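**Student:** generate coordinates for the sequence data below:
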Amino acid sequence: MNWNQLEYVLTLAREKSITRAAQKLYLSQPSLSLSLKHLEEELGTTLFLRNGSGLELTYAGQLFCQWAAETHASYGRLNTKLSDIAAGRRQLLRLGISPHRGDLLLPPLMTAFYQQFPHCEVHTMEMSTVQLRVMLEAKELDFIVDIPHPDTVTYCNEFLLDESILLAVPRSFLSRITPPPKEPIDLHTVSGLPFILLPVEQLLGSIGQKICEQAGFLPDLRLQCSSVNRALSLASEQLGVTFAPQVFAQRGLYADRLCYFPVAGVESSRPLCLVYPRSDYQSAPLKAMLDLFRQQLPVLYGLSSET
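**Tutor:** Residues are numbered from 1 along each chain as shown. A predicted model of the protein is given here:
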């Protein structure tokens, strides 16, 4: 069976005449009849009944025509999509990013991307590091913006910048800190204040705990919550101090109620990377998206000025 035979059968079903179908297909009548005979022999069944009024589909012929019509339509859709991909038009990109980074980074990056590829479809998944890695490994994402993946054989970890972890302090607490805080802040001066931390099972919770331990004290844990946004919301209500990635300071979240301080004397940053499978092929839209992240992240994080 070949593609031409599908076209022949569909045309015969419409025209109900070998003569008219042959004319439509620019074939000789004997050639079309022979092709139909070979197809019916291959299928082991009769597709058409010949009667005085012309051709009539058998039940097997009806089933075959239904399948052939669906296949023909599916091929047309596939051909359109492949043409669009070849032209860099309608292609799907799937990226993963943490929610707090997505709020800052995605609006300006998507705006710039769609100026280059207005017909491309982009799906964003905003999840935790663990969830993003699971989806990347299942080939459900094309790349993620996160800390490095431990499997450096399968995945490329392209370094973008070091993301600092800052201490968010309610403005009403500043008068309780002795000596008055300055940048970078000495954690010993806040060791007596209540802390709001994420669970140590989460990356930021583990980092916060280690920062305090490196400074030589265990934090006075008042509240534990599972999201940075919630921790900052609670801190803004003067319930404690908390740690947050610098992207929140860039967004100015709760800036009227919180001060963000870099931390003195301890390791309080983490590398931020483009993480994607090692592959020889990258589509034009994917290359453009990766380039935008390379160019714009330092600007959006306030680490360089836009030229």
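
**Student:** so where's this structure uncertain?
**Tutor:** Judged by pLDDT under 70, the chain has its weakly predicted residues at 80-81, 83-90, 280, 304-307.

**Student:** repeat that with 80
**Tutor:** By pLDDT under 80, the low-scoring segments of the chain are 1, 52-53, 76-91, 279-281, 283, 303-307.

**Student:** residue ranges of the helices in it, please?
**Tutor:** 3-15, 18-25, 29-43, 59-86, 99-116, 129-137, 203-214, 228-236, 246-251, 284-300 (DSSP state H).

**Student:** buried stuff in the shortest one?
**Tutor:** Same thing as helix 246-251. Gln246, Val247, Phe248, Ala249 (16 or more other CB atoms under 10 Å). Backbone N, C-alpha and C define where each C-beta goes, glycine included.

**Student:** that helix packs against which elements?
**Tutor:** helix 99-116, strand 155-170, strand 258-261 (3 or more CB pairs under 8 Å, 6 or more residues apart in numbering; DSSP states H and E).

**Student:** 10 Å - rerun?
**Tutor:** Packing partners of helix 246-251 (3 or more CB pairs under 10 Å, 6 or more residues apart in numbering; DSSP states H and E): helix 99-116, strand 155-170, helix 228-236, strand 258-261, helix 284-300.

**Student:** wait, which of the ones you listed is closest to Gly52?
**Tutor:** helix 284-300 (58.7 Å; CB to CB).

**Student:** quick one, that closest one and strand 155-170 angle?
**Tutor:** Interaxial angle, helix 284-300 versus strand 155-170 (axes from the mean of the first three to the mean of the last three CA atoms, to 10 degrees): 30 degrees.

**Student:** what residues go with each domain of this protein?
**Tutor:** 3-86, 92-161+272-300, 164-269 (automatic domain parsing).

**Student:** about what we covered before: can you put the helices and strands packed on helix 246-251 in JSON lines and add distance to Asp220?
**Tutor:** Below are the helices and strands packed on helix 246-251 laid out as JSON lines (distance: least, CB to CB, whole Å):
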{"stretch": "helix 99-116", "distance to Asp220": "25"}
{"stretch": "strand 155-170", "distance to Asp220": "14"}
{"stretch": "helix 228-236", "distance to Asp220": "14"}
{"stretch": "strand 258-261", "distance to Asp220": "18"}
{"stretch": "helix 284-300", "distance to Asp220": "34"}
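
**Student:** next, format these as JSON lines and append distance to Pro219 and mean neighbour count.
**Tutor:** Listed next are these as JSON lines, based on distance: least, CB to CB, whole Å; neighbours: other CB atoms under 10 Å:
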{"stretch": "helix 99-116", "distance to Pro219": "21", "mean neighbour count": "16"}
{"stretch": "strand 155-170", "distance to Pro219": "11", "mean neighbour count": "19"}
{"stretch": "helix 228-236", "distance to Pro219": "13", "mean neighbour count": "20"}
{"stretch": "strand 258-261", "distance to Pro219": "15", "mean neighbour count": "22"}
{"stretch": "helix 284-300", "distance to Pro219": "30", "mean neighbour count": "17"}
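
**Student:** picking up where we left off before, among the helices of the chain, which comes closest to Arg176?
**Tutor:** helix 228-236 (14.1 Å).

**Student:** tell me which other helices or strands that closest one touches.
**Tutor:** helix 99-116, strand 155-170, strand 194-197, helix 203-214, strand 220-224, strand 241-245, helix 246-251, strand 258-261.

**Student:** nearest to Arg278, out of these?
**Tutor:** Comparing those against Arg278 with CB to CB, the closest turns out to be strand 155-170 (5.2 Å).

**Student:** Thr111 and Phe248: what is the separation?
**Tutor:** Using CB to CB, to the nearest Å, Thr111 is found at 21 Å from Phe248.

**Student:** start to end distance for stretch 169-184?
**Tutor:** One end of stretch 169-184 sits 13 Å from the other (CA to CA, to the nearest Å).

**Student:** ignore the last one, stretch 239-259
**Tutor:** Taking CA to CA as the criterion, the two ends of stretch 239-259 lie 14 Å apart.

**Student:** what's around Met125, how many residues?
**Tutor:** Counted with other CB atoms under 10 Å, the neighbours of Met125 add up to 16.
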